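S.K.: sharing a sequence plus its predicted fold:
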Amino acid sequence: MAKKKKFRVTYLRYAFQIAIIAILVYLALGYGERTFEAYCPFGGVEALYGLFTTKNYTCALGEANMAMFLGLIALVVLSKKSFCGWICPIGAVSETANRLGFRMRGKKHWLPPKVDKALRLLRYPVMIIILYYTYKIGDLIFRGYDPFYLIFSGFGDYALGIWSILLMLFLLAISFIISMPFCRYFCPLGAFQDLLSWMGISRIYRNKETCIDCDLCDKACPQLIEVSQKDKVKHIDCTNCLECVEVCPVKNCLEMRMF
Ligand code: SF4
Ligand code: SF4
Ligand code: SF4
């Protein structure tokens with residue numbers, strides 16, 4: 001049965017992502033009481049580690065990071081990697097660039113599946129190394145390589161500048177041919193969420209009785225998940241972005257449910 005035209009929930013998602021980027025740019029330009037860094041949940045992972053080991057907050061971290069971190073844990077348990085799909089600016093930028101690449105090239109991902117699978121494991125050693133050296137040195141060693149920090153700090157001087165723009169363009173260019181490269185291969189916050197994402201209570205369910213195997217859901221998924229092959233999407237990279245649900249032409253064939 002054909003679906004009626006309806007309001008797309010994903011428009012809300014795009015609006016949300018744009019609003020978050022606007023707020024971060026506002027903070028990065030020096031307005032607001034705290035710097036944008038105070039709102040990074042991975043700062044909370046590092047802060048927690050520092051609190052346990054040295055009883056102090058590491059470097060520029062503080063209570064706001066811890067609050068973000070605890071909120072992130074609740075969100076992952078409730079709705080998998082929704083933070084990545086709905087809030088994170090790096091995810092939003094990479095996804096948009098890859099969608100554009102797909103429209104122009106007809107292909108989302110340039111790397112062969114085996115290489116991609118092996119590279120995805122890289123994010124775990126990256127997370128472990130960062131946490132270890134944060135503890136050893138007592139400084140945020142990842143800062144200098146973190147696109148979130150580099151872009152929104154203007155490479156450390158808290159003024160968005162030419163280097164921020166160049167890094168953004170580089171990320172866009174790579175994301176054009178590889179689906180979400182930083183997220184897939186390097187992001188320590190993504191790796192941390194993997195620890196809990198598999199148990200996320202809300203997930204996408206497919207009704208295989210009504211599915212017409214059109215594969216539109218696979219093409220729409222920014223995380224390259226083969227939705228059309230699953231009864232329920234348990235994949236740790238699912239962000240509950242609802243792109244697959246929105247494109248499915250069969251009413252209620254794909255839906256997000258709890259349990
Ligand atoms: S994997 Fe990391 S960079 Fe990518 S969207 Fe998630 S938190 Fe952001
Ligand atoms: S499976 Fe669906 S909800 Fe999950 S990331 Fe892919 S498109 Fe988004
Ligand atoms: S888009 Fe819907 S009908 Fe098409 S393959 Fe996916 S679940 Fe099946």
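M.R.: That came through, no problem. Numbers count the residues shown, from 1 in each chain. Ligands and ions are numbered 1, 2, ... in the order given.
S.K.: show me what from the stretch 101-250 of the chain comes close to ligand 2.
M.R.: With the criterion set to CB under 6 Å from any ligand atom, the stretch 101-250 of the chain comes near ligand 2 through 204, 220-221, 223, 225, 227, 233, 238-244. C-beta here means a position set from N, CA and C on the backbone, and glycine is covered the same way.
S.K.: can you do 5 Å?
M.R.: Residues of the stretch 101-250 of the chain lying near ligand 2 by CB under 5 Å from any ligand atom: Cys221, Gln223, Ile225, Val227, Val233, Cys238, Thr239, Asn240, Cys241, Glu243, Cys244.
S.K.: got the phi/psi numbers for the first one?
M.R.: With angles defined as degrees, to the nearest 10, Cys221 shows backbone torsions of phi -70, psi 120.
S.K.: my read: it touches Glu246, true?
M.R.: No - in this structure, Cys221 is not within contact of Glu246 by CB atoms under 8 Å, at 11.1 Å.
S.K.: neighbour count winner among those two?
M.R.: Ranked by neighbour count (other CB atoms under 10 Å), Cys221 and Glu246 place Cys221 first, with 24 against 18.
S.K.: which residues does that one contact?
M.R.: Counting by CB atoms under 8 Å, 6 or more residues apart in numbering, Cys221 touches Val227, Glu243, Cys244.
S.K.: and which of the residues you listed is nearest Ala22?
M.R.: When the contacts of Cys221 are compared for distance to Ala22 (CB to CB), Glu243 wins out at 22.2 Å.
S.K.: in space, what's closest to that closest one - neighbours in sequence excluded?
M.R.: Excluding the flanking residues, the one nearest Glu243 by CB to CB, 6 or more residues apart in numbering is Ala220, at 4.4 Å.
S.K.: for the chain, list the residues in contact with ligand 3, please.
M.R.: Checking the chain against ligand 3 by CB under 5 Å from any ligand atom, the hits are Arg206, Cys211, Ile212, Cys214, Leu216, Cys217, Ser228, Cys248, Val250, Cys253, Leu254.
S.K.: hmm, 6 Å instead?
M.R.: With CB under 6 Å from any ligand atom as the criterion, the chain meets ligand 3 at residues 206, 211-217, 227-228, 248, 250, 253-254.
S.K.: can you list these in CSV and add pLDDT, secondary structure and distance to ligand 1?
M.R.: As requested, the residues of the chain next to ligand 3 are exported to CSV (pLDDT from 0 to 100; DSSP: H, G, I helix; E, B strand; the rest coil; distance: CB to the nearest ligand atom, whole Å):
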residue, pLDDT, secondary structure, distance to ligand 1
Arg206, 97, strand, 24
Cys211, 97, coil, 28
Ile212, 97, coil, 31
Asp213, 96, coil, 30
Cys214, 97, coil, 28
Asp215, 96, coil, 25
Leu216, 96, helix, 23
Cys217, 97, helix, 20
Val227, 97, helix, 19
Ser228, 97, helix, 24
Cys248, 96, coil, 24
Val250, 96, strand, 29
Cys253, 97, coil, 27
Leu254, 97, strand, 22
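S.K.: just the buried residues of those residues.
M.R.: Listed as buried from the residues of the chain next to ligand 3 are Arg206, Cys211, Leu216, Cys217, Val227, Ser228, Cys248, Val250, Cys253, Leu254; burial here means 16 or more other CB atoms under 10 Å.
S.K.: who's in contact with the closest residue to the fifth one other than its chain neighbours?
M.R.: If you skip the residues right next to it in sequence, Val227 has Cys217 as its closest partner in space, 3.9 Å away by CB to CB, 6+ apart. Remark: with contacts taken as CB under 8 Å, 6+ apart, Cys217 is in contact with Arg206, Val227, Ser228, Cys244, Val245, Val247, Cys248, Leu254.
S.K.: apply 7 Å and report the result again.
M.R.: By CB atoms under 7 Å, 6 or more residues apart in numbering, Cys217 lies in contact with Val227, Ser228, Cys244, Val247, Cys248, Leu254.
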